[in-house]
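**Q** Sequence and predicted model, in that order:
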Amino acid sequence: MTDAHQGTESGASIFEVLTPLVREWRLVLGFPLGAGVIAAAVALLLPLSYTATTTFVPAISGSGATMPGGLASLASQFGLNLGAGPVVSPDFFAEVLTSRELLKATLLSQFQGRALLDILKIEGKTPEARVNEGIRELEKHIYQRVDRRTGIVTLSVTGAPPALAAAVANRMVELLNTFNLERLQSQSRERRRFVGERLQQAERELRDAEAQHLRFLQANRRYAGSPLLAFEENRLSRQVQLRQEVFQTLTREYEEARIAEVQDTPVLTVIDPATPPDRRSAPRRKLLVFFAMLAAGVSALPLVYLREYRRAAEQEVAAPYRGFLEAWRSTRAEWATALRLGNRHPRESMKEGSKQDAKRA
């Protein structure tokens with residue numbers, strides 16, 4: 001008996017939950033459908049956006065022993081250069097992509113005969129304020145990511161039309177490559193200047209050492225028979241040899257710096273250049289409609305059970321509920337009469353009051 005009674009109560013509770021939903025099926029179905037229709041209309045009015053993506057990796061230049069790409073990339077993340085030439089962390093390139101100077105150069109670049117600043121219709125009180133506003137706007141449409149395992153940098157640019165988004169992404173990579181190439185050339189220029197000065201000093205030191213050795217040989221033609229003179233000659237000879245090695249090393253460094261100063265080898269290796277996307281990235285109309293219908297369906301449930309609660313209250317406590325409604329209607333009517341009297345002319349208010357008194361009498 002107990003199990004049967006519990007089963008009956010359980011069944012009754014389920015039907016109590018489902019009955020309001022069946023009774024208010026118009027609200028349960030109409031509210032989400034209406035929200036879905038509105039969301040679909042809004043999605044059709046939203047502007048279309050396309051995302052163009054390009055990927056690249058930092059190029060490794062210089063001579064020396066080569067290393068596996070993964071190990072070199074891992075070492076570069078810690079700022080180490082293990083004999084594979086000048087290596088720069090991919091994070092450096094990703095940060096430069098969002099730098100103010102590169103974004104400004106992108107905004108001032110020409111696309112189909114117009115500056116990007118004009119294409120985006122950026123406005124400002126002054127040219128500097130306009131550029132600042134353009135930088136803030138452009139930052140919203142770019143995204144960069146670094147793959148820690150491979151060292152590949154991904155740059156995504158969102159905008160419309162698709163060809164413009166792809167052109168902006170490729171232009172940013174081009175400006176990044178130019179910036180880093182100029183940076184390396186500037187470093188090579190400073191290195192060439194320093195090595196050149198040091199080379200001149202090393203040449204003077206070599207000439208002095210050779211002249212000192214020559215004077216010793218001229219003054220001591222038969223130094224081999226004297227241990228002291230032989231020791232001095234050996235010392236001067238080692239000094240000349242050392243100066244020669246320093247001079248030769250600096251000469252090679254100077255030539256390498258001169259070559260690096262004028263080299264135009266790209267410092268980036270583009271894996272996939274950006275191409276105009278054939279599918280939009282936003283708005284996602286299906287997701288927008290789905291979430292709008294879901295939110296509307298969830299919001300309809302409290303309304304359904306609130307109306308069910310009101311209906312139950314009318315049936316269980318009919319007399320008190322009707323008394324409450326009559327009191328509420330009477331109070332609302334008195335408020336409306338008072339507002340009308342307050343808005344009328346004093347004489348009209350007096351006449352209205354006399355009429356009401358006459359009716360009461």
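**A** Okay, I see it. Residues are numbered from 1 along each chain as shown.

**Q** distance between the helix or strand where A209 lies and the chain's centre?
**A** Counting by DSSP states H and E, the element that carries A209 is helix 162-219. Offset of helix 162-219 from its chain centre (Cα atoms, centre = their mean, to the nearest Å): 36 Å.

**Q** helix or strand right after that helix?
**A** Using DSSP H and E, the helix or strand that follows helix 162-219 in sequence is helix 227-262.

**Q** Run the angle between that following helix and helix 162-219 for me.
**A** With axes from the mean of the first three to the mean of the last three Cα atoms, to 10 degrees defining the directions, helix 227-262 sits at 160 degrees from helix 162-219.

**Q** State the three-state secondary structure for V298.
**A** Classification of V298 using DSSP: H, G, I helix; E, B strand; the rest coil returns helix.

**Q** what sits against it?
**A** V298 makes no contacts at all, as judged by Cβ atoms under 8 Å, 6 or more residues apart in numbering. For the C-beta atoms, the positions are set from N, CA and C on the backbone; glycine is no exception.

**Q** 10 Å instead?
**A** For V298, the contacting residues are F31, P32, by Cβ atoms under 10 Å, 6 or more residues apart in numbering.

**Q** List the buried residues for stretch 224-237?
**A** E233, L236 (16 or more other Cβ atoms under 10 Å).

**Q** got it, and stretch 212-222?
**A** Buried residues in stretch 212-222, defined by neighbour count with 16+ other Cβ under 10 Å: H213, F216.

**Q** Could you pull up the mean pLDDT of it?
**A** Stretch 212-222 shows a mean pLDDT of 85.

**Q** now swap in stretch 111-123 and tell me
**A** Within the predicted structure, the mean pLDDT of stretch 111-123 is 86.

**Q** got a list of contacts for that stretch?
**A** If you take Cβ under 10 Å, 6+ apart as the criterion, stretch 111-123 is touched by 103-110, 124, 127, 129-138, 141, 159, 163-164, 167-168, 171.

**Q** Select only the buried ones of these in PyMOL?
**A** Buried members of the contacts of stretch 111-123, defined by 16+ other Cβ under 10 Å, are picked up in PyMOL with:
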select buried, resi 103+104+105+106+107+109+131+133+134+135+138+159+163+164+167+168+171
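
**Q** can you tell me which of the contacts of stretch 111-123 are in helices?
**A** Among those, DSSP state H puts 103-108, 127, 129-138, 163-164, 167-168, 171 in helices.

**Q** quick one: low-confidence ranges for this protein?
**A** Counting by pLDDT under 70, the chain shows low-confidence ranges at 1-12, 16, 21, 59-88, 261-267, 281, 283, 313-322, 341-361.

**Q** T154 is in what secondary structure piece?
**A** In the assignment (DSSP H and E), T154 maps to strand 153-159.

**Q** what helices or strands is that strand leaning on?
**A** With contacts defined as 3 or more Cβ pairs under 10 Å, 6 or more residues apart in numbering; DSSP states H and E, strand 153-159 has these neighbours: strand 50-58, helix 90-97, strand 142-146, helix 162-219, strand 268-272.

**Q** May I see those organised as TSV, with distance to S330 added?
**A** Rendered in TSV, the data for those read as follows (distance: least, Cβ to Cβ, whole Å):
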stretch	distance to S330
strand 50-58	63
helix 90-97	71
strand 142-146	63
helix 162-219	66
strand 268-272	76
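
**Q** among the ones you listed, which is the most enclosed?
**A** Across these, averaging neighbours per residue (mean count of other Cβ atoms under 10 Å) puts strand 50-58 on top, at a mean of 20.

**Q** Mind listing the strands that strand pairs with, and their directions?
**A** strand 153-159 (antiparallel), strand 268-272 (antiparallel) (DSSP bridges).

**Q** now those as JSON lines including distance to R145?
**A** As requested, those are exported to JSON lines (distance: least, Cβ to Cβ, whole Å):
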{"stretch": "strand 153-159", "distance to R145": "5"}
{"stretch": "strand 268-272", "distance to R145": "14"}
